[in-house]
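[1] structure of the sequence below:
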Amino acid sequence: MALPSTDGFLDLADAIRGLRAELEAAIDERDWGGSRLRFRLKPIQLTLQAVAKRVGGAEGKVRWYVIEAGANASLASEVTQTIQLELEPLEIDAAGHRTALEVASERGAAQAMPD
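    Prediction:
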């Protein structure tokens, strides 16, 4: 799970892991109060303010960081970028088949998708 940073930046991978954890929690929810209403997950479009930073000196890799809310004061020397990601949530079962996901539905009840 993504942890809050101390410098106003959140590693992009941690942000995506946090989103995945939240979606998994919604899918695993077993107390639906008898509701028949379900939500099928469609592609998720994220628009993020991010900054690319070189980590490890001149020979280091470039890492992408999401800018956390309220972090503008620490960005005076950073150049921010707006990045857009489209993520399609799929579940891969033990046999390697892709299935569409529904929030608040029984696992295995999702519709199989073509590979």
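
[2] and the next element down the chain from the helix or strand hosting V66?
    Element membership for V66 (DSSP states H and E) is strand 61-67. As assigned by DSSP H and E, the chain's next helix or strand after strand 61-67 is strand 80-87.

[3] report the inter-axis angle for that next one versus strand 61-67.
    On the basis of axes from the mean of the first three to the mean of the last three CA atoms, to 10 degrees, strand 80-87 is oriented at 90 degrees to strand 61-67.

[4] who does strand 80-87 touch, helix- and strand-wise?
    Other helices and strands packing on strand 80-87, by 3 or more CB pairs under 8 Å, 6 or more residues apart in numbering; DSSP states H and E, are strand 44-55. Every C-beta, even on glycine, is put in place using the N, C-alpha and C of the backbone.

[5] now do the strand it packs on, average pLDDT.
    Averaging pLDDT along strand 44-55 yields 86.

[6] equivalent analysis for stretch 15-23, please.
    89.

[7] pull out the buried positions in that stretch.
    Residues 15-16, 19, 23 are the ones in stretch 15-23 that count as buried (16 or more other CB atoms under 10 Å).

[8] hang on, the earlier thing: partner strands of the strand holding V66 and their direction?
    The strands beside strand 61-67 in its sheet (DSSP bridges) come out as strand 9-11 (antiparallel), strand 44-55 (antiparallel).

[9] still on that earlier bit, in JSON lines, list the buried residues of stretch 15-23 along with secondary structure and distance to V51.
    Output for these, formatted as JSON lines (DSSP: H, G, I helix; E, B strand; the rest coil; distance: CB to CB, whole Å):
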{"residue": "A15", "secondary structure": "helix", "distance to V51": "13"}
{"residue": "I16", "secondary structure": "helix", "distance to V51": "16"}
{"residue": "L19", "secondary structure": "helix", "distance to V51": "19"}
{"residue": "L23", "secondary structure": "helix", "distance to V51": "25"}
